[in-house]
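Enquirer: My questions concern the predicted model and sequence given below.
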Amino acid sequence: MDDHFPRTMEISFGDGAQRQTLSFEKETWVIAGVEKGLRYGENPGQEAALYRLVNGNLALGEVRSIQAGQYLVSDAELLQSGKHPGKTNLTDVDSALNILRYLGDRPCTVIVKHNNPCGVARGRTLSESYARANMADRVAAFGGAISLNREVDLETARLISEQYAEVVAAPEFAPGVMDVFGKKKNLRVMKIGNMAKLASFAGRRVVEFRALVDGGIIAQWSFVPETLTRDRLSPAQAIYKGAEYRVNRQPTDRELDDLMFGWLVECGVTSNSVLYVKDGATVGIGTGEQDRVGVAEIARDKAYRKLADRLCWERHRTPYNNLKDDGLRAAIDEEVKALKGGLPGCCMVSDAFFPFRDGLDVGLREGITAVIQPGGSERDFESIEACNEAGAAMVFTGQRCFRH
């Protein structure tokens, strides 16, 4: 074993008759005849261990934890190990499942690196969803963890094998797929049977722990989005100094579909975050910033760069950053500028309210047509005015979705 963590672990809440205990067992794999646990934690030299919940349940107030035995990542079947998994491989897949559990109605792919999505896309087929997610940010997706909510077929497997990936996770793999993946010796392939029932995990709660430098711990219940369907959205409205402000235009059906898609993706992105989405795919993802204007600009700038790379790759089979021909590069730059990075017609998604209209204006200047955000700022009226000036729709969820 590569670590010194014990085979079992218990976490207890309360004492005496009120004591509630969660019991865990360490997860290991047998690879080439050797029992192995996690390769390492976030970095080499950091010992780590994976535990699955085997017994106990927790009820605090009106909130109950998920029942034992309903496994996803904590009991993944390792069909191909490559280098056996480390912590980030598993947490990246878990971050993808946190998004996929709310997007099960259509084939969908989530590609994650460092706990944040590089690209998320739906498709008519699984292969289409993967191709769209990959091209949403082909550069960032290199070396990512790919999670798919349908059985992986040969067409999808062949597309995946064209680019380097660390992990592929899915509920099942069709005959012949492992022959394709077998040519990628370092690829970790995880079969997670319960992914076929991911929708049943929507709304389930677990206790999350954050260790402090002094050894203390902060415990919190995991976040559950309350807005899962269109009927939970509210047209943007606000009252400021006795005056009432309302958004003039309601979203179209297509916009509503993208607004809901974007919001449920947003719930799995590190804060502060702003996304741009269109036609069931991410276009630009801004993550982990300290100010909302800055993250809106980062997501905008990424949309421009990713479109340039996609056009370059599709036409010249080379990354934009490696394109040496100044004429070809200039032509792509002009086209991307004319297309505004593919942002016109996109929906803008924010995990918290806009304190002022300046963050929202970043997207409106690029031609976004609809916005979803929690609302609740004292200056929501500014954002409403901005949308009305641009003819954009805006809806409130009434719930912030910070993730740290």
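Expert: Arrived safely. Numbering: from 1, shown residues only.

Enquirer: Please count neighbours and contacts with C-alpha atoms only from this point.
Expert: Fine.

Enquirer: Can you list the buried residues in the helix or strand harbouring Asp258?
Expert: Here Asp258, judged by DSSP states H and E, is contained in helix 253-266. Buried residues in helix 253-266, counted by 16 or more other C-alpha atoms under 10 Å: 255-266.

Enquirer: Could you export these as TSV, including distance to Asp214 and pLDDT?
Expert: TSV is the format used below for these (distance: C-alpha to C-alpha, whole Å; pLDDT from 0 to 100):
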residue	distance to Asp214	pLDDT
Glu255	47	98
Leu256	46	98
Asp257	46	98
Asp258	44	98
Leu259	42	98
Met260	40	98
Phe261	40	98
Gly262	38	98
Trp263	36	98
Leu264	35	97
Val265	34	98
Glu266	32	97
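
Enquirer: how about TSV for these, with distance to Glu208 added?
Expert: Formatted as TSV, the buried residues of helix 253-266 follow (distance: C-alpha to C-alpha, whole Å):
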residue	distance to Glu208
Glu255	34
Leu256	32
Asp257	31
Asp258	30
Leu259	28
Met260	26
Phe261	25
Gly262	24
Trp263	22
Leu264	20
Val265	20
Glu266	19
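
Enquirer: State which helix of this protein is the longest.
Expert: In terms of residue count, the longest helix belonging to the chain (DSSP state H) is helix 292-316.

Enquirer: distance between the ends of stretch 310-322?
Expert: The straight-line separation of the ends of stretch 310-322 (C-alpha to C-alpha, to the nearest Å) is 13 Å.

Enquirer: neighbouring contacts of it?
Expert: By C-alpha atoms under 8 Å, 6 or more residues apart in numbering, the surrounding residues in contact with stretch 310-322 are 135, 138, 308-309, 323, 329, 332.

Enquirer: Drop anything exposed from those residues.
Expert: For these, buried by 16+ other C-alpha under 10 Å: 135, 138, 308-309, 323, 329, 332.

Enquirer: Of these, which is the nearest to Gly37?
Expert: Nearest to Gly37 out of the buried ones among the contacts of stretch 310-322 is Arg138 (C-alpha to C-alpha; 31.0 Å).

Enquirer: Might you report the residue contacts of that closest one?
Expert: Per C-alpha under 8 Å, 6+ apart, neighbours of Arg138: 306, 309-310.

Enquirer: contacting residues around Gln80?
Expert: 182, 187-190.

Enquirer: Now tabulate the residues you listed in JSON lines and tack on secondary structure.
Expert: Converted to JSON lines, the contacts of Gln80 look like this (DSSP: H, G, I helix; E, B strand; the rest coil):
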{"residue": "Gly182", "secondary structure": "coil"}
{"residue": "Leu187", "secondary structure": "coil"}
{"residue": "Arg188", "secondary structure": "strand"}
{"residue": "Val189", "secondary structure": "strand"}
{"residue": "Met190", "secondary structure": "strand"}
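
Enquirer: quick one, helices of the stretch 151-300 of the chain?
Expert: Ranges of helices within the stretch 151-300 of the chain are 154-160, 177-181, 253-266, 292-316, based on DSSP state H, counting those that start in this stretch.

Enquirer: Show me the domain layout of the protein.
Expert: With domains defined by automatic domain parsing, the chain comprises 8-201, 230-396.

Enquirer: Mind checking those domains for the one nearest to Ala219?
Expert: Closest to Ala219 of the domains of the chain is domain 8-201 (C-alpha to C-alpha; 11.1 Å).

Enquirer: Next, the distance between the ends of that closest one.
Expert: Between the start and the finish of domain 8-201 there is a gap of 25 Å, counting by C-alpha to C-alpha.

Enquirer: And what about Gln46, helix, strand or coil?
Expert: Taking three-state DSSP, the label given to Gln46 is coil.

Enquirer: coming back round to it: out of the contacts of stretch 310-322, which one sits closest to Arg379?
Expert: Nearest to Arg379 among the contacts of stretch 310-322: Ala308, at 35.9 Å, using C-alpha to C-alpha.

Enquirer: Give me the residue ranges of this protein where confidence is low.
Expert: Low-confidence segments of the chain (pLDDT under 70): 1.

Enquirer: now do 50
Expert: Applying pLDDT under 50 to the chain picks out no residues at all.

Enquirer: Can I get the contacts of Arg138 in CSV including distance to Arg210?
Expert: As requested, those are exported to CSV (distance: C-alpha to C-alpha, whole Å):
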residue, distance to Arg210
Lys306, 34
Asp309, 38
Arg310, 39
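
Enquirer: Pull up the gap between the residue lying closest to Ala211 once chain neighbours are set aside and Thr8, please.
Expert: In space, Ala211 comes closest to Ile217 once its chain neighbours are excluded; the distance is 4.5 Å by C-alpha to C-alpha, 6 or more residues apart in numbering. Noted for Ile217: a distance of 20 Å to Thr8, by C-alpha to C-alpha.
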